[in-house]
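Asks: turn this into a model:
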Amino acid sequence: MYVINDSCIACGSCSEACPQEAIAMDDALGHYAIDGGKCIDCGTCEDTCPMGCIAQG
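Replies: Okay, here's the model as predicted:
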């Protein structure tokens, strides 16, 4: 599964690109987070993140 680290600037590009709609804003974290139950490890989010803060975890 992919994870989003604290460098996230909450731009939303990963959420818009995710084919599984597995990424949503997590208000507790203050940035986007990936739902491991929906993530299919396609890597689309990692490719679209302008900050490079998404990686396999």
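Asks: name the nearest residue to A33, sequence neighbours excluded.
Replies: Spatial nearest neighbour of A33, excluding adjacent residues (CB to CB, 6 or more residues apart in numbering): D26 at 3.9 Å. For the C-beta atoms, the positions are set from N, CA and C on the backbone; glycine is no exception.
Asks: partners of the one you found in the sheet?
Replies: Taking DSSP bridges as the rule, D26 bridges to H31.
Asks: give me the pLDDT value at it.
Replies: Predicted confidence (pLDDT) for D26: 97.
Asks: same question for D6.
Replies: Reported pLDDT at D6 in the predicted model: 95.
Asks: who's in contact with C53?
Replies: By CB atoms under 8 Å, 6 or more residues apart in numbering, C53 lies in contact with I4, N5, D6, S7, C8.
Asks: residues near the closest residue to it other than its chain neighbours, how many?
Replies: With sequence-adjacent residues excluded and distances taken as CB to CB, 6+ apart, C53 is closest to S7, at 3.8 Å. S7: 11 surrounding residues under other CB atoms under 10 Å.
Asks: returning to that earlier point: which one of the contacts of C53 has the most neighbours?
Replies: Busiest of the contacts of C53 [other CB under 10 Å] is I4, holding 23 neighbours.
Asks: what sits against that one?
Replies: Residues in contact with I4, defined by CB under 8 Å, 6+ apart, are C14, I23, H31, Y32, A33, I34, C45, C49, C53, I54.
Asks: again with A55
Replies: Y2, V3, N5, E46.
Asks: thought the last one was touching V3?
Replies: No - using CB atoms under 8 Å, E46 is not in contact with V3; the gap is 10.1 Å.
Asks: which one's more surrounded, those two?
Replies: A direct count of neighbours by other CB under 10 Å for E46 and V3 places E46 higher, at 17 against 14.
Asks: ok so, going back, so which of the contacts of I4 are in strands?
Replies: I23, H31, Y32, A33, I34, I54 (DSSP state E).
Asks: and the third one, what pLDDT?
Replies: At Y32, the model reports a pLDDT of 98.
Asks: can you show me the helices along this protein?
Replies: Ranges of helices within the chain are 13-17, 44-48, based on DSSP state H.
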